[in-house]
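>>> Need coordinates for the following:
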Amino acid sequence: MNSQDFRQETLQATALLEEMLALRATVIQAATPLSESFTGGDVAHADPALVNLAHYLSLRHHDLRPLQRRLMRFGLSSLGRLESRVLPTLDAVIVALAALAGVESPVAMSSEDFFLGEARLEEASAALFGRPPANRRTRIMVTLPSEAAEGPDFILDLARRGMDVARINCAHDGPDAWRAMAGFARTAGAATGRDITVLMDIAGPKIRTAAVQMPDKKSRLQPGDRIRLVASGLPRTCAEVLYSAGVSLPEMVTRLSIGDRVRYDDGKLEALVESLGDGEAVIRVEKTKARGTKLKPEKGINLPDTALGLSPLTAKDETDLVTVIECADTIGYSFVSRPEDIDLLDDMLAHHGMAGRTLGLIAKIEQPEAVRNLPALIARARRRGPFGVMIARGDLAAEIGFERLAEMQEEILWISEAASVPAVWATQVLEDLVREGIPTRGEMTDAAMAARAECVMLNKGPAVGQAVELLDRLLARMDEHMFKKTPTLRALKSW
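As a prediction, this is how the structure comes out:
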């Protein structure tokens with residue numbers, strides 16, 4: 001390099017150094033009120049993970065793309081993988097730029113601090129899910145079917161194949177079955193010498209279809225068809241409206257407005273509210289699958305435009321919590337949207353005698369309000385004990401739209417990592433394999449990408465044991481290639 005080129009490089013490094021110092025100062029200044037809001041003003045004793053989260057949110061309010069490319073040109077960090085270490089990464093870049101510019105660095109870089117965020121995330125994952133298996137970082141969660149309560153063999157088989165977390169869905173079965181499942185999970189953990197965490201998922205105000213009426217059993221809804229939704233009583237049809245369904249939550253019908261969107265069965269059908277009557281609403285189908293969609297009972301309904309104003313805890317949930325306290329290690333909390341919802345749960349747990357032991361908590365992120373409030377939810381929940389978030393992709397897609405789901409699940413992963421919060425990748429993972437015994441190509445890729453989360457959830461199905469085995473091997477292999485967003489370059493053997 002000649003002297004002119006060297007001088008040009010030095011000038012560019014100096015300009016970048018000044019830009020990075022200005023960015024660092026801006027990030028710290030903007031993060032201060034966020035840190036205060038997360039900690040109640042006690043920043044001096046703040047949780048380091050929440051301080052890092054505040055720095056990350058502040059940084060991500062800037063469009064860094066031009067800066068990233070200029071940093072890459074110097075062989076420096078492009079800032080694209082700093083979720084768990086915002087200030088340490090900025091400081092490392094500043095120290096390197098100062099050296100390139102031939103000046104003393106105005107900041108000091110601590111090698112010890114650089115990977116503390118990763119260590120915090122590992123500790124939080126172990127507290128929530130138990131120790132990881134030897135061959136992989138990401139845990140495997142399995143939703144237990146009713147047959148898991150019939151004897152110990154089903155759950156023991158899943159544990160031997162690689163299950164780490166047994167999920168009991170309190171929307172199904174009952175306390176006797178739940179106690180049996182939890183007991184068999186403990187037995188399986190002892191038999192395999194592994195931590196098998198028991199997660200009990202309380203149902204919340206999930207809206208589902210109740211009884212249905214249609215022209216005949218083979219009928220399928222098509223665009224233009226109308227459905228009468230009935231708040232109470234038996235569904236009824238007429239010549240103009242050939243389909244009708246009751247709903248599990250009567251308030252839903254009374255709070256709809258004309259033009260509101262109604263999505264059915266994880267978005268397999270979308271309709272608009274056409275008219276409202278006394279305790280009923282008529283909706284017109286706008287979109288459905290090519291061959292139409294069957295109207296069935298016990299299918300989920302999502303209302304992305306309707307403010308229901310419902311508590312995330314129902315009377316059934318309060319009753320179920322008695323058994324949850326008795327049996328669970330962790331609670332799955334549906335429809336949590338605000339920090340106050342966590343207070344509500346803790347108050348109810350205390351009312352039922354939950355003292356001397358803290359249950360882990362997984363907040364299911366399935367509504368737009370929960371996405372907007374995610375940093376505040378994390379700040380509140382981290383104060384109570386082991387905490388994680390579940391990316392509930394079925395309901396979330398039905399609420400925000402399918403085309404935004406991929407983008408949003410990435411953002412939730414980033415926010416969670418910045419706060420050292422474990423994330424669960426959920427809904428339809430290896431669904432064809434679980435149900436039919438053979439995976440699709442697309443779902444294999446989806447499962448591989450799930451390795452960036454701390455836990456992956458499988459739903460119940462005839463071939464769930466086979467899916468656990470495959471996922472165990474796949475996640476172990478992906479651990480050799482990737483840590484969160486960072487590719488890890490083990491030697492390749494295919495060429």
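>>> ranges for the helices of the stretch 151-300 of the chain?
Under the criterion DSSP state H, counting those that start in this stretch, the stretch 151-300 of the chain contains helices at 153-161, 175-192, 250-254.
>>> Of all the ones you listed, which one comes closest to Asp265?
Asp265 lies closest, by C-beta to C-beta, to one member of the helices of the stretch 151-300 of the chain: helix 250-254, at 15.4 Å. Backbone N, C-alpha and C define where each C-beta goes, glycine included.
>>> picking up where we left off before, can you lay out the helices of the stretch 151-300 of the chain as TSV showing distance to Arg81?
Converted to TSV, the helices of the stretch 151-300 of the chain look like this (distance: least, C-beta to C-beta, whole Å):
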stretch	distance to Arg81
helix 153-161	32
helix 175-192	34
helix 250-254	43
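>>> Now those helices in CSV, please, with extra columns for mean pLDDT.
Below are the helices of the stretch 151-300 of the chain laid out as CSV (pLDDT from 0 to 100):
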stretch, mean pLDDT
helix 153-161, 98
helix 175-192, 97
helix 250-254, 88
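>>> Rebuild those helices as TSV, extending it with mean neighbour count and distance to Leu100.
Shown next, in TSV, are those (neighbours: other C-beta atoms under 10 Å; distance: least, C-beta to C-beta, whole Å):
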stretch	mean neighbour count	distance to Leu100
helix 153-161	19	52
helix 175-192	18	53
helix 250-254	17	61
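>>> Would you mind telling me which of the ones you listed is nearest Lys296?
With C-beta to C-beta, the closest approach to Lys296 among the helices of the stretch 151-300 of the chain belongs to helix 250-254: 17.4 Å.
>>> which outside residues touch that closest one?
207, 229-232, 247, 279-281, 301, 303, 306, 308, 310 (C-beta atoms under 8 Å, 6 or more residues apart in numbering).
>>> Please, a PyMOL command that selects the buried ones among these?
Typed into PyMOL, the line below selects the buried ones among these, using 16 or more other C-beta atoms under 10 Å:
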select buried, resi 207+229+230+231+247+280+281+301+303+306+310
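>>> Quick check, central residue of this structure?
By C-alpha atoms, centre = their mean, the mean C-alpha position of the chain lies nearest to Ile391, the distance being 1.8 Å.
>>> Quick check: phi and psi at that one.
Comment: the main-chain dihedrals of Ile391 come out as phi -80, psi 90, following degrees, to the nearest 10.
>>> now swap in Gly174 and tell me
Dihedral angles phi and psi of Gly174 (degrees, to the nearest 10) take the values phi -160, psi -180.
>>> do Pro487 as well
phi -70, psi 140.
>>> which residues does it contact?
Listed by C-beta under 8 Å, 6+ apart, the contact partners of Pro487 are His481.
>>> and it, bridged to which residues?
The residues listed as beta-bridge partners of Pro487 by DSSP bridges are Met482.
>>> State the distance from it to Arg179.
Between Pro487 and Arg179 the distance is 45 Å, computed by C-beta to C-beta, to the nearest Å.
>>> partner residues bridging Arg284?
Arg226, Leu272.
>>> do you know how far it is from Lys484?
For Arg284, the distance to Lys484 (C-beta to C-beta) stands at 44 Å.
>>> what does Ala188 give?
If you measure Ala188 against Lys484 using C-beta to C-beta, the figure is 30 Å.
>>> what's the answer for Gln409, then?
14 Å.
>>> I'd like to check what contacts the host helix or strand of Asp317. Which residues are they?
Following DSSP states H and E, the helix or strand that holds Asp317 is helix 315-327. By C-beta under 8 Å, 6+ apart, the residues outside helix 315-327 that reach it are 168, 170, 175, 178-179, 182-183, 198, 200, 202-204, 331, 348-349, 352-354, 359.
>>> So among the residues you listed, which ones count as buried?
In the contacts of helix 315-327, burial by neighbour count holds for 168, 170, 178, 182, 198, 200, 202-204, 331, 349, 354, 359, counting by 16+ other C-beta under 10 Å.
>>> Just flag the most distant two among those.
The largest separation in those, counting by C-beta to C-beta, is between Ala182 and Gly204 at 20.2 Å.
>>> Identify the spatial nearest neighbour of Pro235, chain neighbours not counted.
Ser244 (3.6 Å; C-beta to C-beta, 6 or more residues apart in numbering).
>>> That neighbour contacts Arg236, correct?
Yes - the pair Ser244 / Arg236 is scored as a contact, 5.6 Å apart, by C-beta atoms under 8 Å.
>>> residues contacting the residue nearest to Leu310 when sequence neighbours are not counted?
Sequence neighbours aside, Pro205 is the residue nearest to Leu310 in space, at 4.7 Å (criterion: C-beta to C-beta, 6+ apart). Neighbouring residues of Pro205 by C-beta under 8 Å, 6+ apart: 249, 308, 310-312, 314, 335.
>>> Neighbour-wise, give me the winner out of the residues you listed.
Neighbours here are counted as other C-beta atoms under 10 Å. On that basis the top member of the contacts of Pro205 is Phe335, with 25 neighbours.
>>> wouldn't it be in contact with Ile365 here?
No - the pair formed by Phe335 and Ile365 falls short of the contact definition of C-beta under 8 Å, at 10.2 Å.
>>> Point out where the stretch 301-450 of the chain drops to low pLDDT.
Of all residues in the stretch 301-450 of the chain, those with pLDDT under 70 make up the ranges 355-356.
>>> before we move on, back to that, who has more neighbours, Gln409 and Lys484?
Gln409 (23 against 17).
>>> So the more buried one sits against Val389, correct?
No - between Gln409 and Val389 there is no contact, the gap being 10.9 Å when judged by C-beta under 8 Å.
>>> Find residues that contact each of these two.
Contacts common to Gln409 and Val389, judged by C-beta under 8 Å, 6+ apart, are absent.
>>> Secondary structure class of the closest residue to Trp414 other than its chain neighbours, three-state.
The shortest distance from Trp414 to any non-neighbouring residue, by C-beta to C-beta, 6+ apart, is to Glu83 (5.3 Å). Classification of Glu83 by DSSP: H, G, I helix; E, B strand; the rest coil places it in coil.
>>> what residues are up against Glu83?
Under the criterion of C-beta under 8 Å, 6+ apart, the contact partners of Glu83 comprise 56, 117, 414, 417-418, 484-485.
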